[in-house]
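*Asks:* Sharing a model prediction with you, sequence too.
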Amino acid sequence: MPSTTTMSAKSMARVARASAKTEARSVQAARPVAGKSAASKPFGVRSAQSAFVGQQVQMKKTSSSASSRNAVVEVAASGAPLDRKLKVAVVGGGPSGACAAEVLAKAGIETYLIERKLDNCKPCGGAIPLCMVDEFDLPEEIIDRKVTKMKMISPSNREVDVGQTLSETEYIGMCRREVMDDFLRQRAEALGAKLVNGLMTRLDKPEDKKNGTYTLHYNDYSSGSKVGTPTAIEVDCVIGADGANSRVAKEIDAGEYDYAIAFQERMRIPEDRMNYYMDLAEMYVGDDVSPDFYGWVFPKYDHVAVGTGTVVNKKAIKQYQTAIRDRSANKCGNGKIIRVEAHPIPEHPRPRRVEDRVCLVGDAAGYVTKCSGEGIYFAAKSGRMAAEAIVERTANGTKQVDESDLRVYLDKWDRKYWATYKVLDILQKVFYRSNPAREAFVEMCADDYVQKMTFDSYLYKTVVPGNPLDDIKLLGNTIGSLVRANALRAEAAKSG
Ligand SMILES: Cc1cc2nc3c(=O)[nH]c(=O)nc-3n(C[C@H](O)[C@H](O)[C@H](O)COP(=O)(O)OP(=O)(O)OC[C@H]3O[C@@H](n4cnc5c(N)ncnc54)[C@H](O)[C@@H]3O)c2cc1C
């Protein structure tokens, strides 16, 4: 769902750059090998991006210095020609895996899309931005509901309606993941990917690092057996699209990330109440529903999803779930719970996302934004970008792939999205930290300019140029709201 941004693209970029400078400096100080080439560049978003990917450079035992990492963008593909088509295994058939497999298969690459559960119903709110519908050519049928209104509900239950600035054709799509994922997998299969119903269990690396094949072991469920038949395939390259508990990430020792735990109950509610949520979603903030995230009621096909998440106090997740259920009870009360689900949500990218001829995408890589917890679009996009890098750099799979080819994807990704992740991280820290700050946040959401900037950047995933006059007004309002929030917090602390 849209995370409410309070600044225009320019202001956001300014905040991001200032924070990037500090981060870049501290990473350089801590990084004696990689520091040289980064230090020779002027500070700015680009060098901060290097700092962002720098964590993985630091962790690598081999010679991946910053200069060699930067070089991959300029150096042409050098893989040896193959006398057969390149073979790529994509592990995981969610949005990231299915979108990667589609691009590979379309280019004629021998593609295996391995999914352990073909009717998997990923625990998810299922909200997608409008641009995803066009960009990924999604048919209308997979959008269950078009949300055009949002209610932001503050800790004191002040309600602010968001969405007035949307045009008649603009909406947030609500999908059932089992429907969307199945559609994307089938499309990849129709384009030539071999869809395998199997659980990947192990990955053996080749002795010949440059040209040997990886042996990917999986339990094949195609015969209908519950335990599966142990099977192995030989491939040149592996894309790990297997979600937050990625097996592929473990195999390449990609390192851990902090994660939030998200809890969600699907509720069937009476028809008149369901009508209320026809095109409306709700976001609740407050210490009671989450100390660091938000609680939600999202309309699904014939029910609502009520959930919350937290990083800082995972043990209390059920207590927060009770609170969001209580807060939304006047609208969804007496609903029948038809499904209870919980799943980790990554907080930031893994320290390593590429190793030799293996790369990670989507949740396996750690591409969920802070503040909004949005990951579907970024999963699909990263799968597509990784596959495009492979297709381009191997001339449609006629040459062997190597690590530098996969790093092209990583470099493009970080350049494109680094600022988005940073800004949302900052906003979460500023506005989700206390009830007074959350009151200020909801208050600001009443502003049309805030709503427009927020929806534009969420729906279209582009950096939206702001209006300088409105920016100044907004900055004043933001400061005013935060000052009031701090005063309230001080009062609250005094009284007890
Ligand atoms: C409660 C909750 C609500 C959310 N709400 C939203 C929302 O409203 N909007 C949004 O944009 N994002 C939301 N997210 C985040 C979003 O769900 C993820 O970012 C997105 O699903 C990531 O897609 P993916 O393809 O990378 O991974 P996944 O969707 O997790 O797919 C991974 C696939 O890999 C398969 N798999 C795993 N291991 C193996 C293996 N060893 N072998 C074979 N297959 C394997 C799994 O079965 C699964 O199908 C939410 C997350 C949670 C937990």
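*Replies:* Received, thanks. Residues are numbered from 1 along each chain as shown.
*Asks:* so Gln451 touches Gly163, yeah?
*Replies:* Yes. The pair Gln451 / Gly163 is scored as a contact, 7.2 Å apart, by C-beta atoms under 8 Å. Backbone N, C-alpha and C define where each C-beta goes, glycine included.
*Asks:* which of these two has more neighbours?
*Replies:* Gln451 (23 against 19; other C-beta atoms under 10 Å).
*Asks:* Secondary structure of that one: a helix, I assume?
*Replies:* Yes. Under DSSP: H, G, I helix; E, B strand; the rest coil, Gln451 sits within a helix.
*Asks:* contacting residues for it?
*Replies:* Gln451 makes contact with Thr4, Val162, Gly163, Gln164, Thr165, Cys445, according to C-beta atoms under 8 Å, 6 or more residues apart in numbering.
*Asks:* Just to check, Arg353 is in contact with Leu360?
*Replies:* Yes. Look at Arg353 against Leu360 with C-beta under 8 Å: they come within range, at 4.7 Å.
*Asks:* follow-up on the earlier one: so for the contacts of Gln451, which is the shakiest by pLDDT?
*Replies:* Checking pLDDT across the contacts of Gln451, the minimum falls on Thr4 at 42.
*Asks:* Name the nearest residue to the one residue in the stretch 201-350 of the chain that gets nearest to the ligand, sequence neighbours excluded.
*Replies:* Minimum separation of the stretch 201-350 of the chain from the ligand (C-beta to the nearest ligand atom) falls at Gly243, amounting to 2.9 Å. Excluding its sequence neighbours, the residue lying closest to Gly243 (C-beta to C-beta, 6 or more residues apart in numbering) is Asp363, at 4.7 Å.
*Asks:* which helices and strands sit right next to the helix or strand encompassing that neighbour?
*Replies:* Asp363 belongs to helix 362-365 when assigned by DSSP states H and E. Applying 3 or more C-beta pairs under 8 Å, 6 or more residues apart in numbering; DSSP states H and E, one finds that helix 362-365 contacts helix 95-106, helix 376-393.
*Asks:* Could you confirm whether any residue of that helix contacts the ligand?
*Replies:* Yes. Using C-beta under 6 Å from any ligand atom, helix 362-365 reaches the ligand at Gly362, Asp363, Ala364.
*Asks:* what's the closest of those residues to the ligand?
*Replies:* So of the residues of helix 362-365 next to the ligand, ranked by how close each gets to the ligand (C-beta to the nearest ligand atom), first place is Gly362, at 2.1 Å.
*Asks:* That closest one against Ala98, yeah?
*Replies:* No. Between Gly362 and Ala98 there is no contact under C-beta under 8 Å: 10.1 Å.
*Asks:* Between the two, which contacts overlap?
*Replies:* Contacts common to Gly362 and Ala98, judged by C-beta under 8 Å, 6+ apart, are Ala380, Gly383.
*Asks:* Verify the stated contact: Glu443 with Glu159.
*Replies:* No. Counting by C-beta under 8 Å, Glu443 stays clear of Glu159, with 11.5 Å between them.
*Asks:* Those two: which is more packed in?
*Replies:* Glu443 (19 against 11).
*Asks:* which SSE is the more buried one in?
*Replies:* helix 435-444.
*Asks:* Determine how far that helix lies from the middle of the whole chain.
*Replies:* A distance of 25 Å separates the centroid of the chain from that of helix 435-444, by C-alpha atoms, centre = their mean, to the nearest Å.
*Asks:* What does the pLDDT read for Leu203?
*Replies:* At Leu203, pLDDT is 98.
*Asks:* what sits opposite it in the beta ladder?
*Replies:* Bridge pairing for Leu203 (DSSP bridges) gives the partners Leu216.
*Asks:* which ones are touching it?
*Replies:* So Leu203 contacts Tyr214, Thr215, Leu216, His217, Val238, Arg247, Val248, Glu251, Ile252, Val358 (C-beta under 8 Å, 6+ apart).
*Asks:* If we use 10 Å, what do you get?
*Replies:* 89, 91, 214-218, 235, 238, 240, 247-248, 250-252, 358 (C-beta atoms under 10 Å, 6 or more residues apart in numbering).
*Asks:* among those, which are in reach of the ligand?
*Replies:* Checking the contacts of Leu203 against the ligand (C-beta under 6 Å from any ligand atom), the matches are Val91, Arg247.
*Asks:* for the contacts of Leu203, which one is nearest Ile345?
*Replies:* Gly240 (17.3 Å; C-beta to C-beta).
*Asks:* what about the closest one, how many neighbours?
*Replies:* For Gly240, using other C-beta under 10 Å, the count is 32.
*Asks:* Can you tell me who it pairs with across the strands?
*Replies:* Applying DSSP bridges to Gly240 gives these bridge partners: Val91, Leu360.
*Asks:* That one and Thr215, how far apart?
*Replies:* 15 Å (C-beta to C-beta, to the nearest Å).
*Asks:* Also Phe183?
*Replies:* When Phe183 is compared with Thr215 (using C-beta to C-beta), they lie 31 Å apart.
*Asks:* With neighbour numbers in mind, choose between the two.
*Replies:* Taking other C-beta under 10 Å, Phe183 and Thr215 do not tie; Phe183 has more neighbours (17 against 14).
*Asks:* Tell me if I am right that the more buried one is in a helix.
*Replies:* Yes. Phe183 forms part of a helix when assessed by three-state DSSP.
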